[in-house]
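Peer 1: Build me a model from this:
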Amino acid sequence: MKSTLVLLTALATCGLFPAAQAQDPAPNPLMEAPPVESSWTDLTDGLTSKDDWEARRPEIKAAFLELLRDQHKPERPPLDLQVHETVEVEGIYTRKLVSYAVEADERAHAYIGIPLKRDGKLPAVVALPGTYKQGARRAAGLEDDPDKAYLDHLCRRGYVAIAPEHFVSGHRIPAKGPYDTTAFYEKHPEWTAVGKFTYEHSIAIDVLETLEEVDTEHIGALGHSLGGHGTIFLAAYDERIKAAASNCAAPSFRHNPKVTAWARNHWYVYFKHLRPGLLNNELPPIDFHHMVALAAPRAMLQVDALNDGVLATQRQRVLMMLATADLYELIGVPENYAFFIHGRKHSVHHESRELIYGWMDSHLKPAEATATRLVAE
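Peer 2: Numbers count the residues shown, from 1 in each chain. As a prediction, the model looks like this:
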């Protein structure tokens, strides 16, 4: 009997046989998981179901369109798409320089890349350049940083891609220099620069839809820096974008000591009408987590660096992303939202590019394109 008790005690000690009198230790407060508190939960406060979100969404969309001053955009003209140059790139894809009408008296230029090898229609991506005077040429891999040659990278991966010039760059550099919006606001005093470029990026989707090579049900958008928040705006604005990836987008409105940069009084002015309010410490009624949420349930990836600007502000952006993930969880599509935080500052290094392009593959290409398989014996 004594030997049996010794054996049972030993087994209990090893965790193989629970002791009848064993008690769990008191919980250690360090092991508890307290709720994450932040100001960003206003996105989901009061929501308990997908129907609740669908009821709130139109209010956010209306606030977003008012932020852009979308009601002041001009009438959309016929595209009048023209091809100015056609080049075959290394036998892999055809690159075209095109132009098309965006206002009655204004044309935009863009590069379009179309893979030569294709079996049926291909997914397409709007690739938005960052702040660079010849941004579309950089996106095409023709100058500056090849890390940002999105059109070239995408075409080599089997996508049709369009890289539109920003309206104050390339063929439309203003008299006061690249990215100066003075002339724009003289022409459109009630509109916004963000409304203008978002509207034009939506027209770039129109261009893609005219191409017989494009699968119009599988169009995505991606971009870095100015192109990064341009991607967020476009996905919120145009539901034809089925997958989006924003890289190193600008900081939000709240918890941002440099918030007035969104309405500066010189050079590139995003939202001119916000300046009086921001100078009086008044923020817009919506922020970037609301705009990202407007993309839901469509796929959205955010890639950012903690050391890209003010550390405290970037940490707040992580909390913002957690709140956005909660929204995607609430409406039942958590797999359609993701974020990646790195320490490479304002960049789009290899691992970021691979994640962004992989995200496009997962959400725009057929399932077999990303499927794995066992090795045959």
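
Peer 1: what domains does the record give for this protein?
Peer 2: 2-31, 47-365 (automatic domain parsing).

Peer 1: Give me the distance between the two termini of the last one.
Peer 2: What it means is domain 47-365. The distance separating the two terminal residues of domain 47-365, taken as C-alpha to C-alpha, to the nearest Å, comes to 33 Å.

Peer 1: quick check, distance from stretch 331-345 to the centre of its chain.
Peer 2: Distance of stretch 331-345 from the chain centroid (C-alpha atoms, centre = their mean, to the nearest Å) equals 10 Å.

Peer 1: And the contacts of that stretch?
Peer 2: Applying C-beta atoms under 8 Å, 6 or more residues apart in numbering, the set of residues contacting stretch 331-345 from outside is 50, 53, 296-308, 318, 321, 324-325, 327-328, 349, 351-352, 355, 359, 363. The way it works is simple: take the backbone N, C-alpha and C, and place the C-beta from them, glycine included.

Peer 1: Likewise for stretch 301-310?
Peer 2: Contacts of stretch 301-310 (C-beta under 8 Å, 6+ apart): 244-249, 251, 256-258, 292, 314-315, 317-318, 321, 324, 337-348, 352, 355-356, 359.

Peer 1: So which of the residues you listed belong to helices?
Peer 2: Using DSSP state H, the subset of the contacts of stretch 301-310 located in helices is Val292, Gln314, Arg315, Arg317, Val318, Met321, Thr324, Ser352, Leu355, Ile356, Trp359.

Peer 1: Show me which of the residues you listed are buried.
Peer 2: Val292, Gln314, Arg317, Val318, Met321, Thr324, Ser352, Leu355, Ile356, Trp359 (16 or more other C-beta atoms under 10 Å).

Peer 1: Which strand residues bridge the residue nearest the centre of the chain?
Peer 2: Nearest to the mean C-alpha position of the chain, counting by C-alpha atoms, centre = their mean, stands Ser246 at 2.8 Å. Ser246 forms beta bridges with Gly223, Gln302, as assigned by DSSP bridges.

Peer 1: Tell me if I'm right that it and His229 touch.
Peer 2: Yes - assessed by C-beta atoms under 8 Å, Ser246 is found in contact with His229 at 6.8 Å.

Peer 1: which residues does the residue nearest to the centre of the chain contact?
Peer 2: Applying C-beta under 8 Å, 6+ apart, the residues near Ser246 are Leu222, Gly223, Gly228, His229, Thr231, Ile232, Met300, Leu301, Gln302, Val303.

Peer 1: just Leu97 next, same as before
Peer 2: Residues touching Leu97, when contacts are defined by C-beta under 8 Å, 6+ apart, comprise Val83, His84, Glu85, His109, Ala110, Tyr111.

Peer 1: That one is in what secondary structure piece?
Peer 2: Counting by DSSP states H and E, the secondary-structure element that holds Leu97 is strand 93-103.

Peer 1: export the ones in helices among the contacts of stretch 301-310 to CSV and tack on distance to Thr216?
Peer 2: As requested, the ones in helices among the contacts of stretch 301-310 are exported to CSV (distance: C-beta to C-beta, whole Å):
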residue, distance to Thr216
Val292, 24
Gln314, 36
Arg315, 39
Arg317, 33
Val318, 35
Met321, 30
Thr324, 27
Ser352, 28
Leu355, 26
Ile356, 22
Trp359, 20
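
Peer 1: could I have the one helix or strand Phe64 maps to exported to PDB, CA atoms only?
Peer 2: Phe64 is located in helix 50-68, with elements delineated by DSSP H and E. Below are the C-alpha coordinates for helix 50-68, written out as PDB (Å, rounded to 0.1, in the frame of the first residue of the first chain):
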ATOM      1  CA  LYS A  50     -22.300  42.900 -39.100                       C
ATOM      2  CA  ASP A  51     -25.700  44.500 -39.500                       C
ATOM      3  CA  ASP A  52     -24.700  47.200 -37.000                       C
ATOM      4  CA  TRP A  53     -21.600  48.000 -39.100                       C
ATOM      5  CA  GLU A  54     -23.700  48.100 -42.300                       C
ATOM      6  CA  ALA A  55     -26.000  50.700 -40.600                       C
ATOM      7  CA  ARG A  56     -23.000  52.800 -39.500                       C
ATOM      8  CA  ARG A  57     -21.000  52.600 -42.700                       C
ATOM      9  CA  PRO A  58     -23.000  55.100 -44.800                       C
ATOM     10  CA  GLU A  59     -22.400  57.800 -42.100                       C
ATOM     11  CA  ILE A  60     -18.600  57.200 -42.300                       C
ATOM     12  CA  LYS A  61     -18.700  57.100 -46.100                       C
ATOM     13  CA  ALA A  62     -20.600  60.400 -46.200                       C
ATOM     14  CA  ALA A  63     -18.000  62.000 -43.800                       C
ATOM     15  CA  PHE A  64     -15.200  60.600 -46.000                       C
ATOM     16  CA  LEU A  65     -16.600  62.100 -49.200                       C
ATOM     17  CA  GLU A  66     -17.100  65.400 -47.400                       C
ATOM     18  CA  LEU A  67     -13.400  65.300 -46.200                       C
ATOM     19  CA  LEU A  68     -12.500  65.000 -49.900                       C
END
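
Peer 1: residues making contact with that helix?
Peer 2: Outside helix 50-68, the residues touching it (C-beta under 8 Å, 6+ apart) are 46-47, 71, 192, 194-195, 198, 233, 236-237, 271, 284-286, 290-291, 293-294, 296, 327, 330-332.

Peer 1: hang on, the earlier thing: among the contacts of Ser246, show me the least confident.
Peer 2: Among the contacts of Ser246, His229 has the lowest pLDDT, at 95.

Peer 1: Tally up the residues packed near that residue, please.
Peer 2: The local packing count at His229 equals 22, with neighbours defined by other C-beta atoms under 10 Å.

Peer 1: ok, it - contacts?
Peer 2: Under the criterion of C-beta under 8 Å, 6+ apart, the contact list for His229 reads Ser246, Ala249, Ala250, Phe288.
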